[in-house]
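> my questions are about this predicted structure, shown below with the sequence.
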Amino acid sequence: MGWSYTTYTIANYGITIGLVLTAIIGVFATFFSSKKGQEFVIERVIGVNPTKAHDDYDQYNGQQINIKDLSGTIGGSSSERKSLFSMIKQRSILFVGIFCCFIGGMILSITAVIMFQGCVLTDVRIVPGDDCPEYTMDCFVFKGSDFSPITQNATFICDPLTKSTFPSNISDATAWCYSWILRYQSTKSVLDQLGIAIALIGFFTTMLAVVVYLGKCKKTIVLSIAYIISCSTLIIVLLVFKWSFAPLTYAILSVGLALGIFGLVLFCILPDTKNKVSDIQMLSNNGNQTNGRGNSTSAGGRRPNPATKIAAAQPRSNDQAARIIRK
């Protein structure tokens, strides 16, 4: 007896979810296990150093002024300022590192899912009149907008080099076909799947690097919202029109959705360098003005009258002004 639609679905999604969770847990365990593990995840898995998001903040670490934090105002001693900046930076790096590990695990899991979908259990959508895939597959027919097939057992068997044979009494029908294809694999087919996986990993790590590079910037919000809207829309469209039930499709779109959420979280947890810069400039200017007023005070403690200087510089009469002009 062949596999039913329910058993195929459970195997397909169950193994895929297991591969994704295994990859995410493995990345977290490696990242937090040791310093070498952290370096391995940053350099080989994520491809982005989370501390790069704090480059703009680091350049203000040595300013000799008071810095206002959420807990109040901390004095201007060097040790206190360095402690404050270190605390804020380490806290945000922790959150950024956690999200990077989560996204890195999802990106890494794409390789495992692609290998599983392309070399072990494959699924294909076909419509009436399509040619059968290159493997013998069990096909389950869906009527109209139904999300369950007309029968739990395979409606027809699709053999290679033949046409799909849909029931004649069903209109607006689509079919999802499943097959275990591990025995048909060769070295070339496995390498082809690895090439696809490496290309997708490179694409998503580049998108992650762009988000980390932008950091606390309005462009980060725009890009993150674009990720979320586009991926969410594609997921809804694919489900409504039944264009794909493949776990790999939704895993890839979920990575894009996670990148958008990560961008918004990154914008919220990073320190606001612009406000720090304005505080630095304002406090520095106030200090300079105070020093200027102190230097302009006379030795006797009295300030010179500006009106006296102006009056002394002016000529006392028109005759004096004329003599000055003649000279």
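That came in fine, so what should we check first?
> how about low-confidence regions in the stretch 201-327 of the chain?
The model of the stretch 201-327 of the chain has pLDDT under 70 over residues 271-327.
> could you pull out the helices for it?
Counting by DSSP state H, counting those that start in this stretch, the stretch 201-327 of the chain forms helices over residues 218-240, 247-269, 273-295, 306-313, 318-326, given from the N-terminal end onward.
> ok, residue 127 - contacts?
When contacts are counted by CB atoms under 8 Å, 6 or more residues apart in numbering, residue 127 touches 164, 173-175. (Glycine included, C-beta is placed from N, CA and C.)
> one more: residue 196?
Residues counted as contacts of residue 196 (CB under 8 Å, 6+ apart) are 114, 118.
> just the angle between the strand or helix carrying it and helix 247-269, please?
Using DSSP states H and E, residue 196 sits within helix 187-214. Orientation check (axes from the mean of the first three to the mean of the last three CA atoms, to 10 degrees): helix 187-214 against helix 247-269 gives 20 degrees.
> just want the angle from helix 187-214 to helix 218-240.
Here helix 187-214 runs at 140 degrees with respect to helix 218-240, directions being taken by the same axes, to 10 degrees.
> I'd like the distance between the nearest residue to residue 179 once chain neighbours are set aside and residue 163.
The shortest distance from residue 179 to any residue that is not its chain neighbour, by CB to CB, 6 or more residues apart in numbering, is 4.0 Å, and that residue is residue 137. When distances are taken as CB to CB, to the nearest Å, residue 137 and residue 163 turn out to be 13 Å apart.
> of these two, who's got more company?
More crowded of residue 137 and residue 163, by other CB atoms under 10 Å: residue 137, with 26 against 13.
> got the domain ranges for the chain?
By the assignment in automatic domain parsing, the chain contains the domains 5-120+185-277, 123-180.
> which stretch in these has the least confidence?
Sorting the domains of the chain by mean pLDDT places domain 5-120+185-277 lowest, at a mean of 79.
> just checking, the residue nearest to residue 179 touches residue 177?
Yes: between residue 137 and residue 177 there is a contact at 3.8 Å, judged by CB atoms under 8 Å.
> hey, what's in contact with both of those two?
When contacts are counted by CB under 8 Å, 6+ apart, residue 137 and residue 177 are jointly contacted by 124, 158.
> contacting residues for residue 99?
When the contact criterion is CB under 8 Å, 6+ apart, the partners of residue 99 are 262, 265-266.
> list just the nearest of those residues to residue 220.
Checking the contacts of residue 99 against residue 220 with CB to CB, the nearest one is residue 266 at 6.6 Å.
> picking up where we left off before, of the contacts of residue 127, which is the nearest to residue 10?
The closest of those to residue 10 turns out to be residue 175 (CB to CB; 19.1 Å).
> looking at this, that closest one is in a strand?
Yes: counting by DSSP: H, G, I helix; E, B strand; the rest coil, residue 175 falls inside a strand.
> who's it bridged to?
Applying DSSP bridges to residue 175 yields these beta-bridge partners: residue 126, residue 141.
> just checking, it touches residue 138?
No: with contact defined as CB under 8 Å, residue 175 and residue 138 do not form a contacting pair (9.9 Å).
> between the two, point out the one with more neighbours.
Ranked by neighbour count (other CB under 10 Å), residue 175 and residue 138 place residue 175 first, with 25 against 21.
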